[in-house]
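Trainee: Need a 3D model of the sequence below.
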Amino acid sequence: MITVRDKEFDLRPADPKKDLDWAYGLFKQSLHDFVEELAGAWPETGAYEFFSEGFCHMPIKMLMHDGDPIGFFGIMEEEKRVTVQRMYLAPAWRGAGLGGWIIGETLKVAHRAQKPFETEVLVNNKPAMAFYEHMGFAIVGADDDGLVKLHVIRHRDTESYVLPRNISSQSAPVGDIFDR
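Mentor: Next up, the predicted model:
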């Protein structure tokens, strides 16, 4: 159980058999207009395959309130970064502090791993960009997945973990050398 702004929420691992359809519905509701603006039409088959692949193979957590799902997210430690993926909240729960709590939890992972905290946002998703900028992120690059364009953003508190370009990506981060 977690408490955010004096409200209690449950957190549990996602169960793809039980949660996938609900989660895909929230994903589509959240991104539909932005994707259509960029790609011309919502690519139902491709979007469902993309979403379900990540949802079923990432460590996704479901946010629950009074037994009902209200959102989900996944915190992942990758080779060169820590990222939050598939972070979506039901409209009624946006602005309730849960996004900030998720960012805070992801920052803890990034600091323990001594890796930058990065993620991607659709270039035209101004509400998400405003949230991320408010939380301390800045645009550091771009990505084009062939369908939509994305901003690559990084949290300012993890900028010092970015490896200089002249250091091999095979070098172990300092956090892997010392006991924690």
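Trainee: Mind checking what helix or strand follows the longest strand along the chain in sequence?
Mentor: The single longest strand within the chain, with elements called by DSSP state E, is strand 68-77. Sequence order places strand 82-89 as the next helix or strand after strand 68-77, per DSSP states H and E.
Trainee: tell me the angle that next one makes with strand 68-77.
Mentor: Using axes from the mean of the first three to the mean of the last three CA atoms, to 10 degrees, the inter-axis angle of strand 82-89 relative to strand 68-77 is 170 degrees.
Trainee: follow-up on the earlier one: now do the longest strand of the chain: which elements does it pack against?
Mentor: helix 16-39, strand 60-65, strand 82-89, helix 98-113 (3 or more CB pairs under 8 Å, 6 or more residues apart in numbering; DSSP states H and E). For every residue, glycine as well, the C-beta is placed using N, CA and C.
Trainee: Contacts for it, please.
Mentor: With CB atoms under 8 Å, 6 or more residues apart in numbering as the test, strand 68-77 has contacts from 9, 14, 19, 22-23, 26, 54-55, 58-64, 82-90, 92-93, 98, 102, 105-106, 109, 113, 115.
Trainee: are any of these buried, and which?
Mentor: 9, 14, 19, 23, 26, 55, 60-64, 82-90, 93, 98, 102, 105-106, 109, 113, 115 (16 or more other CB atoms under 10 Å).
Trainee: for this structure, which spans come out with low pLDDT?
Mentor: Applying pLDDT under 70 to the chain flags the ranges 145-147, 165-180.
Trainee: what's around the residue nearest to His155 when sequence neighbours are not counted, how many residues?
Mentor: Closest residue to His155 apart from its sequence neighbours, by CB to CB, 6 or more residues apart in numbering: Phe117 at 4.2 Å. Close neighbours of Phe117, defined as other CB atoms under 10 Å, add up to 27.
Trainee: Same check on Ile70?
Mentor: Counted by other CB under 10 Å, the residues lying close to Ile70 total 21.
Trainee: again with Asp6
Mentor: Look at Asp6: counted by other CB under 10 Å, it has 6 neighbours.
Trainee: Over to Leu163?
Mentor: Neighbours of Leu163 under the rule other CB under 10 Å: 13.
Trainee: now the longest strand of the chain: how far from the chain's centre is it?
Mentor: Computed by CA atoms, centre = their mean, to the nearest Å, the chain-centroid distance of strand 68-77 equals 8 Å.
Trainee: Show me which positions of that strand end up buried.
Mentor: Quick answer for strand 68-77 (16+ other CB under 10 Å): Pro69, Ile70, Gly71, Phe72, Phe73, Gly74, Ile75, Met76.
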